[in-house]
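Chemist: Sharing a model prediction with you, sequence too.
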Amino acid sequence: MDQLAQSFFLIADWGVLFAVSGGLVVGILIGAIPGLNVPLAIAVAVPLTFRMDTLPALGFLIGIYKGGTYGGSVSAILINTPGAPAAAATTLDGYPLAKAGKAGKALKMAVYSSVLGETASDLVLITVAVPIAWFALQFGPPEYFTVTCLSLTILGIVTGDWVRKGLISGLAGLFLSLIGTDEMTGGTRFTFGSYELSGGLTFVAMVIGIFAVAEVLHQLGEPTGGEEGGKPVLEVSPDPADQRVSWAEFKGCWREILQATGIGCFIGALPGLGSAIAAFVSYGTAKSRAKNPEEFGKGSLKGIAASETANNAVTGTTLVPLLTLGIPGDVIVAIMLGAFIIHDLVPGPMLFKEKGLLITAFFGMLLLSDGLHLLIALVGMPLWMRIIRVSRRVLLPIVMVLCVVGAYVLSSSIFDIWVTLAFGVLGYLMRKFGYPAAPLLIGFILGPLLETNLRQALVISAGDFSIFVARPLSLTFLVLSVAAIVYIVRLQRRLQAQRRGAGGAALNSHP
Amino acid sequence: MKFPRMGPESWSALVVALCGAGIIAVVPSQVDRSGDEVGVTGATLPYAFGTLILVFALSLLWDALRGKGGEGRREGGNGTGGARPWAPWVGAAALIVHVLLFPVLGYWIATASVLVVLGWLYGLRPGWTFLALVVLIPLAIFGLVEKMLIILLPRGWWGW
């Protein structure tokens, strides 16, 4: 109780309020502009949070994450172009509704369902995180090695349709994580005599390169003419009832909202799936269970509620594996991991023991951000509707300069800018030739966990590999890994079928 | 027998395969192999990762040469670029020059110069928007980094 009171005072601070609100505004703006995405925004923002206090820094990033996930729906509804892959399913009903002059109704339904989804997700996180963390305290190196193997099955999911290329990308990430000093022997590996490389590649510099610089380089190859002129102008219905969601309409969507909350929370807790998949699975489920499925795709509020609730319901539970085991659940959380470490919060079970007060305050801040999200999204709606007309010609050069400066401020080192540039070009080439970037990042994070725990377990067992099957927990994780592979193969087939059915090409644009 | 034609897919697979082979080749000179007594040394995983990269890349190459490639190609992409395939490379070259000149010319001139080049590449033409981009953005970033984060940006040979 004392800790709750103390954490309340930590979050009842103007700095935290401003940071969360600022993050939400930035996130919604970035999410609303097609071509800019949440991983890019967070990658650029992480270095800017170095000098901030811990809670405002994390609040700013959480704000971007939540705001950006919702922001994609603004352009999805208004111009039929999802600002983020997670909003691709929202276009199916949002745009037809906007074309009928009811853009305000569609946008408000998106806000309500997004906020409900993320609030439920945060409550699930708060409820399950502590028990999982206490359970994880029993883990030794064999358990950590096998749970990392289980997490590596993520790669099978984030690779999407491109299994071999995804695996190559993941293996490249695992290899890159080995560059630097070997923790077991103290010797250096793959540094080629470079002093700067002896500490390994700088994670955040790499992230900025592979997500932000690569994206901006890719956009340079796209046509520059006519991007502002070609969008249809929407008529707005003069009837005020067409611009708001009535209680009866909202109540009519309850079943879809509850269902989508469950789907989103579950998919968020599973490593690697992410909000775009949650939205499509939820939309497909809502449609298949609807009394009038023919209404879907023609401006159904239930369709918007299903996809928007689910994609935001991912945002809380995706933090479960990160906070409890130190394993990022998706690529956005993987980028945020850099900020956690910079602020001396090393995710894992010990975090709850050593930084209990801060984590309680962090949970409180998540709930605070949900309330602020509702307020800011509704109050700022006229601004979001304007911002989608801002030219990418102006924004992208700014993003590029922020990438360079962001890489420099990491350690005031020009070497980090070179790392950013090198990974920017690598990320651009990977994108061109169909190698997904997300597995590389996840491999880079899991590599040290995999290797160190494998070697420590074998030191304990004097080289006997049976240690991994002799301990019950370790054996359980190995069995779960095999089950996960079988599940992933079946899920991939199902998702491919759904993508074909729902025009889900946008899913493939997830980095 | 006619040798199959190498397309972008085959070339990319070949480059990746060479990277895998390169990893395997440099392991002996780049890794300390102490710790043999437990069966896994600092060289074990690099060998494993390099070998797997090589195997997967060769299988992609094999498929590409048989005309079955194209796994994961971007929509509309052919591995050679978008509507303006040269532009990303000009942008990357501009960035490399920018980073080279960053410590020499200092933050202000280097940043304004790269904004001119990037703005032009994105299709902006001289006007108030262009001027605002080149003047106000370096100013705003300077305020954020030097005044708020208190991190000094490079001054260049002139000291500003």
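Modeler: Here it is on my side, so go on.
Chemist: For A:Ser474, list the residues it contacts.
Modeler: Contacts for A:Ser474 (C-beta atoms under 8 Å, 6 or more residues apart in numbering or on different chains) come out as A:Pro142, A:Glu143, A:Phe145, A:Thr146, A:Ile467, A:Phe468. The way it works is simple: take the backbone N, C-alpha and C, and place the C-beta from them, glycine included.
Chemist: go with 6 Å
Modeler: A:Pro142, A:Glu143, A:Thr146, A:Phe468 (C-beta atoms under 6 Å, 6 or more residues apart in numbering or on different chains).
Chemist: what number of residues lie near the first one?
Modeler: Yep, that's A:Pro142 we're talking about. A:Pro142 is flanked by 25 other residues according to other C-beta atoms under 10 Å in any protein chain shown.
Chemist: does it really touch A:Ser466, like I thought?
Modeler: No: in this structure, A:Pro142 is not within contact of A:Ser466 by C-beta atoms under 6 Å, at 10.2 Å.
Chemist: Which residue ranges of chain B form helices?
Modeler: B:8-30, B:44-65, B:87-105, B:107-121, B:128-142 (DSSP state H).
Chemist: number of nearby residues for the residue nearest to A:Asp330 when sequence neighbours are not counted?
Modeler: For A:Asp330, ignoring the flanking residues on the chain, the nearest one in space by C-beta to C-beta, 6 or more residues apart in numbering or on different chains is A:Gly274 at 4.6 Å. Using other C-beta under 10 Å, A:Gly274 has 27 neighbouring residues.
Chemist: Out of the helices and strands in chain A, which is least certain?
Modeler: helix A:154-158 (a mean of 60; mean pLDDT, DSSP states H and E).
Chemist: Which SSE is immediately downstream of that helix?
Modeler: Sequence order places helix A:163-176 as the next helix or strand after helix A:154-158, per DSSP states H and E.
Chemist: then that following helix to CSV, C-alphas only?
Modeler: Coordinates of each C-alpha in helix A:163-176 appear next as CSV, following Å, rounded to 0.1, in the frame of the first residue of the first chain:
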residue,chain,number,x,y,z
VAL,A,163,10.9,-18.3,-44.2
ARG,A,164,14.4,-18.8,-45.5
LYS,A,165,15.1,-15.1,-45.9
GLY,A,166,13.7,-14.5,-42.5
LEU,A,167,15.9,-17.2,-41.0
ILE,A,168,19.0,-15.8,-42.8
SER,A,169,18.1,-12.4,-41.3
GLY,A,170,17.7,-13.8,-37.8
LEU,A,171,21.0,-15.8,-38.1
ALA,A,172,22.7,-12.6,-39.2
GLY,A,173,21.4,-10.8,-36.1
LEU,A,174,22.6,-13.7,-33.9
PHE,A,175,26.0,-13.5,-35.5
LEU,A,176,26.2,-9.7,-35.2
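Chemist: So it, near chain B or not?
Modeler: Yes: interface with chain B: helix A:163-176 contributes A:Arg164, A:Lys165, A:Leu167, A:Ile168, A:Leu171, A:Leu174, A:Phe175 (C-beta under 6 Å from any C-beta of the partner chain).
Chemist: Would you reformat these as a markdown table and include distance to A:Thr360, pLDDT and neighbour count?
Modeler: Below are these laid out as a markdown table (distance: C-beta to C-beta, whole Å; pLDDT from 0 to 100; neighbours: other C-beta atoms under 10 Å in any protein chain shown):
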| residue | distance to A:Thr360 | pLDDT | neighbour count |
| --- | --- | --- | --- |
| A:Arg164 | 44 | 83 | 18 |
| A:Lys165 | 42 | 87 | 26 |
| A:Leu167 | 40 | 86 | 19 |
| A:Ile168 | 42 | 91 | 29 |
| A:Leu171 | 39 | 92 | 27 |
| A:Leu174 | 35 | 93 | 28 |
| A:Phe175 | 39 | 95 | 24 |
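Chemist: Return the member of those residues nearest to B:Val116.
Modeler: A:Lys165 (36.8 Å; C-beta to C-beta).
Chemist: That closest one contacts A:Tyr435, correct?
Modeler: Yes: between A:Lys165 and A:Tyr435 there is a contact under C-beta under 6 Å: 4.6 Å.
Chemist: Just list the residues touching the residue most central in space within chain B, thanks.
Modeler: Among the residues of chain B, B:Ala92 comes closest to the average C-alpha position under C-alpha atoms, centre = their mean, at 8.2 Å. Contacts of B:Ala92 were listed using C-beta under 6 Å, 6+ apart, and they are A:Val425.
Chemist: Tell me which residues touch B:Ile24, please.
Modeler: B:Gly50.
Chemist: Hmm, I typed the wrong one, I wanted A:Glu256.
Modeler: A:Glu256 neighbours (C-beta under 6 Å, 6+ apart): A:Ala286, A:Lys302, A:Ala305, A:Ala306.
Chemist: Kindly recompute the last result at 10 Å.
Modeler: A:113, A:282-283, A:285-287, A:289-290, A:300-307, A:309-310 (C-beta atoms under 10 Å, 6 or more residues apart in numbering or on different chains).
Chemist: Count the neighbours of the closest residue to A:Ala84 other than its chain neighbours for me.
Modeler: Distances taken as C-beta to C-beta, 6+ apart place A:Gly72 nearest to A:Ala84, at 3.0 Å, with adjacent residues excluded. A:Gly72 has 35 neighbouring residues, counting by other C-beta under 10 Å.
Chemist: separation between A:Gly72 and A:Leu10?
Modeler: 31 Å (C-beta to C-beta, to the nearest Å).
Chemist: same question, A:Ala57
Modeler: A:Ala57 is 13 Å from A:Leu10, by C-beta to C-beta.
Chemist: what about those two, which has more around it?
Modeler: A:Ala57 (25 against 18).
Chemist: quick one: secondary structure of that one?
Modeler: Following DSSP: H, G, I helix; E, B strand; the rest coil, A:Ala57 is assigned to helix.
Chemist: For it, list the residues it contacts.
Modeler: Under the criterion of C-beta under 10 Å, 6+ apart, the neighbours of A:Ala57 are A:15-16, A:19, A:23, A:45-46, A:48-51, A:339-340, A:342-343, A:345.
Chemist: Read off the pLDDT value for A:Gln498.
Modeler: pLDDT for A:Gln498: 67.
Chemist: I figured A:Phe266 was touching A:Ile277, is that so?
Modeler: No: at 11.2 Å, A:Phe266 does not count as touching A:Ile277 under the criterion of C-beta atoms under 10 Å.
Chemist: which residues do the two both contact?
Modeler: A:Ala310, A:Val314.
Chemist: Do a quick rundown of the helices in the stretch 401-511 of chain A.
Modeler: A:414-432, A:438-460, A:467-470, A:472-502 (DSSP state H, counting those that start in this stretch).
Chemist: Next, work out how far apart B:Leu61 and B:Ala17 are.
Modeler: Applying C-beta to C-beta to B:Leu61 and B:Ala17 gives a distance of 6 Å.
Chemist: Next: A:Val401.
Modeler: 36 Å.
Chemist: So those two - more neighbours on which side?
Modeler: Ranked by neighbour count (other C-beta under 10 Å), A:Val401 and B:Ala17 place A:Val401 first, with 23 against 20.
Chemist: Please list all residues in contact with the more buried one.
Modeler: By C-beta under 10 Å, 6+ apart, the contact set of A:Val401 is A:216, B:95, B:98, B:110-112, B:114-115, B:118, B:133, B:137-138, B:141.
Chemist: from the residues you listed, which single one is nearest A:Gly187?
Modeler: B:Leu95 (34.2 Å).
Chemist: residue contacts, that closest one?
Modeler: A:213, A:216-217, A:400-401, A:403-404, A:417, A:420-421, A:424-425, B:114, B:117-118.
Chemist: Generate a ChimeraX selection restricted to the buried entries among those.
Modeler: A single ChimeraX command selects the buried members of the contacts of B:Leu95 (16 or more other C-beta atoms under 10 Å in any protein chain shown):
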select /A:213,216,217,400,401,403,404,417,420,421,424,425 /B:114,117,118
